[in-house]
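Undergrad: From the sequence below, what's the structure:
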Amino acid sequence: HYSVTKGPDEHLRIACGNSTCDFRDGLPAYVIDQDIYRVRPELVLGTVDKFAQMAWNDNVRNLFARDGIGTPPSLIIQDELHLISGPLGSVVGLYETAIDAACGTLTSDGVVRGRPKVIASTATIRRADRQIRAVFDRRAEQFPPPGIDPDLSFFAEPAPREDEGTREYVGVMAPGTSHATLMVRVYAAILQAAQDLPGSADVRDPYWTLLGYFNSLRVLGSANLQVEGDVRDRLQLVARRKQASPREVRPPVELTSRVASADIPRTLKSLEKEFGSGAANDVVLATNMISVGVDIDRLGLMAVMGQPQSSAEYIQATSRVGRKHPGLVVTVFNSARSRDRSHYENFVPYHQALYRAVEATSATPFAARARDRGLHGVLVSLARLLVDDLAANPSAHRITDCYDEMTQLAEFLEQRAQAVTDPEEAEDTKRQLGQLLKVWSEAAESLPDMQYKNSGNYDDSLLVPSDVALTDDDIDYSTLEIPWPTPQSMRDVDAESALYQISARKVPR
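TA: Numbering: from 1, shown residues only. Got it, this is the predicted structure:
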């Protein structure tokens, strides 16, 4: 049993409540950003979303030992590399430039010495060398290297089918009925079959919880209602045909973005409850949220509602089942969509060479729209990480005193662009960096009290959060005019729209 308390120095302390425990005085683990910046642990776990904080928080430089205390990171492990692609990969590739410079030593000729080693892992990727060059500016080496037999290497070999789980894929399509009706019948059939399965509780457990995968929240929302109503009614009919008792289905559980963040860990934990406990979930409805990080060995049954948009997503999602026990994946195709019909018609050859269909990922860090979104943020990040006089929040106006250092940082960014993109975009990057430095220095001369972040007065602020820039109509937030709209997370894209219910009362005459 662990309790969370505050220590005398006002930092979060995780300690055991048992006075005889070895960890009664606290665990050497920290979960609050301020504690991590203060303690500087040797192992830091995080997501790429935090990269954006380099432009906003000067304490981030502590993790890179820019104050002369400790050593900067020397090893970076990037899990799920295939997710660092598209718009997210492009912005991450920009901010990786600052990570490289902060971990090493930037020489006068714009070269970083002592860059950290990067190890990336993924199961579904194509043209990884191009993606790694664009995001990390490094040459890719595959490990372990392929041998004579691709299934056998010095490090791993396939486990026998009798020892570990496998997956069986089944495709279902019914041209004479709707997609929703087909889903109801498939769900009812496999839910009832799990109850009628002969054997002990251990045999039935992997197939008791049905994991439903959906490509959109709209389809999932209607399926939620159908599981509550139509599937229950259909179970009555299926059970009568088999002369068995119908299965009682609890309300479905959701794993989507509609669920509160605090409820998701509890839902994931509930998936581990086995059939023998009497509390196992019957139906779990999920979107691509489950594609990464859901490693629950007991799951063995999945229904996929329509062919996912990418083969990589299809592989990742269906890999959630059949990890320990043989798994069954039923893909319910929509006959009204030509793409689903094509996958149904080529079902066997497609699944026999599933990884051959994985799409190539792309990342374009120095493309025009990526530069508009993040180039100024990377420039500010480099300034606050590498130039001591520009690190603190009130020192944004001191750029004219450090113009030589800023010019060197701009040249470093130009060289990075030349290494990972085509000459035209590299030239555009050089031109845009010159404009950003000009705007910043002119603003510093006219605003002697300018800060990086001044929430009380954005007129004296160099940066403004992206969501504020999208909702504040009083200031012209173009890319080159200050304050610069800057993301506070890699996923800051648009402002949120709030909808409020207004009750309309009928006024009597």
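
Undergrad: Now do the same for residue 118: helix, strand or coil?
TA: With DSSP: H, G, I helix; E, B strand; the rest coil as the basis, residue 118 sits in strand.

Undergrad: quick one: contacts for it?
TA: 76, 77, 78, 136, 138 (Cβ atoms under 8 Å, 6 or more residues apart in numbering). Where you see a C-beta, it was placed from the backbone N, CA and C, and this is true even at glycine.

Undergrad: where's it relative to residue 141, distance?
TA: Here residue 118 is placed at a distance of 11 Å from residue 141 (Cβ to Cβ, to the nearest Å).

Undergrad: tell me the centre residue of this protein?
TA: For the chain, the residue sitting closest to the mean C-alpha position, by Cα atoms, centre = their mean, is residue 83 at 6.7 Å.

Undergrad: Make sure residue 453 is indeed in a helix.
TA: No - counting by three-state DSSP, residue 453 falls outside a helix, being coil.

Undergrad: Surely it touches residue 395?
TA: No - between residue 453 and residue 395 there is no contact under Cβ atoms under 8 Å: 11.9 Å.

Undergrad: Quick check: neighbours shared by the two?
TA: With Cβ under 8 Å, 6+ apart, residue 453 and residue 395 have no common neighbours.

Undergrad: Now for residue 152: which residues touch it?
TA: residue 158.

Undergrad: In what element of secondary structure is it found?
TA: Counting by DSSP states H and E, no helix or strand carries residue 152.

Undergrad: for residue 149, same thing?
TA: Using DSSP H and E, residue 149 falls within no helix or strand.

Undergrad: what about it, neighbour count?
TA: 8 (other Cβ atoms under 10 Å).

Undergrad: Check the gap between it and residue 121 for me.
TA: 22 Å.

Undergrad: go on, residue 355?
TA: 16 Å.

Undergrad: what does residue 485 give?
TA: 34 Å.

Undergrad: Also residue 80?
TA: Residue 80 is 7 Å from residue 121, by Cβ to Cβ.

Undergrad: who's more crowded, these two?
TA: Ranked by neighbour count (other Cβ under 10 Å), residue 80 and residue 121 place residue 80 first, with 16 against 12.

Undergrad: Let me know the pLDDT of that one.
TA: pLDDT for residue 80: 88.

Undergrad: what's the answer for the one 3 residues further on, then?
TA: Here the pLDDT value assigned to residue 83 is 87.

Undergrad: ditto for the one 5 residues further on
TA: Model confidence at residue 88, given as pLDDT, is 90.

Undergrad: got a list of what it touches?
TA: 48, 490, 491.

Undergrad: Show the buried residues in those.
TA: 48, 490 (16 or more other Cβ atoms under 10 Å).

Undergrad: pLDDT, secondary structure and distance to residue 229 for the contacts of residue 88 - can I get that in TSV?
TA: Listed next are the contacts of residue 88 as TSV, based on pLDDT from 0 to 100; DSSP: H, G, I helix; E, B strand; the rest coil; distance: Cβ to Cβ, whole Å:
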residue	pLDDT	secondary structure	distance to residue 229
48	91	helix	42
490	81	coil	40
491	73	coil	36
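
Undergrad: Please tell me how far residue 327 sits from residue 340.
TA: Distance, residue 327 to residue 340, using Cβ to Cβ: 22 Å.

Undergrad: if you count what's nearby, which of these two comes out ahead?
TA: Higher neighbour count among residue 327 and residue 340: residue 327, with 23 against 19, using other Cβ under 10 Å.

Undergrad: if we look at the sheet, which residues does the more buried one bridge to?
TA: With DSSP bridges as the criterion, residue 327 is bridged to residue 167.

Undergrad: okay, it: pLDDT?
TA: 92.

Undergrad: That one and residue 273, how far apart?
TA: Residue 327 sits 18 Å away from residue 273, going by Cβ to Cβ.

Undergrad: Same question for residue 365.
TA: Relative to residue 273, residue 365 is positioned 44 Å away (Cβ to Cβ).

Undergrad: more neighbours, the two?
TA: Set side by side, residue 365 and residue 273 show more neighbours around residue 365, with 27 against 16, by other Cβ under 10 Å.

Undergrad: Please identify the helix or strand for the more buried one.
TA: With DSSP H and E as the criterion, residue 365 is inside neither a helix nor a strand.

Undergrad: That one contacts residue 134, doesn't it?
TA: Yes - taking contacts as Cβ under 8 Å, residue 365 lies within contact range of residue 134: 6.0 Å.

Undergrad: Quickly list what's touching both of those two.
TA: 89, 93, 420, 421.

Undergrad: Pipe those into JSON lines and attach secondary structure and neighbour count per row.
TA: Output for those, formatted as JSON lines (DSSP: H, G, I helix; E, B strand; the rest coil; neighbours: other Cβ atoms under 10 Å):
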{"residue": "89", "secondary structure": "helix", "neighbour count": "25"}
{"residue": "93", "secondary structure": "helix", "neighbour count": "28"}
{"residue": "420", "secondary structure": "helix", "neighbour count": "24"}
{"residue": "421", "secondary structure": "coil", "neighbour count": "20"}
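
Undergrad: which one among those residues gets closest to residue 359?
TA: Distances from residue 359 to those, taken as Cβ to Cβ, are shortest for residue 89 (13.5 Å).

Undergrad: neighbours around the nearest residue to that closest one once chain neighbours are set aside, how many?
TA: Excluding its sequence neighbours, the residue lying closest to residue 89 (Cβ to Cβ, 6 or more residues apart in numbering) is residue 363, at 3.4 Å. Using other Cβ under 10 Å, the number of residues around residue 363 comes to 26.

Undergrad: buried set for stretch 94-105?
TA: 94, 95, 96, 97, 98, 99, 100, 101, 102, 103, 104.
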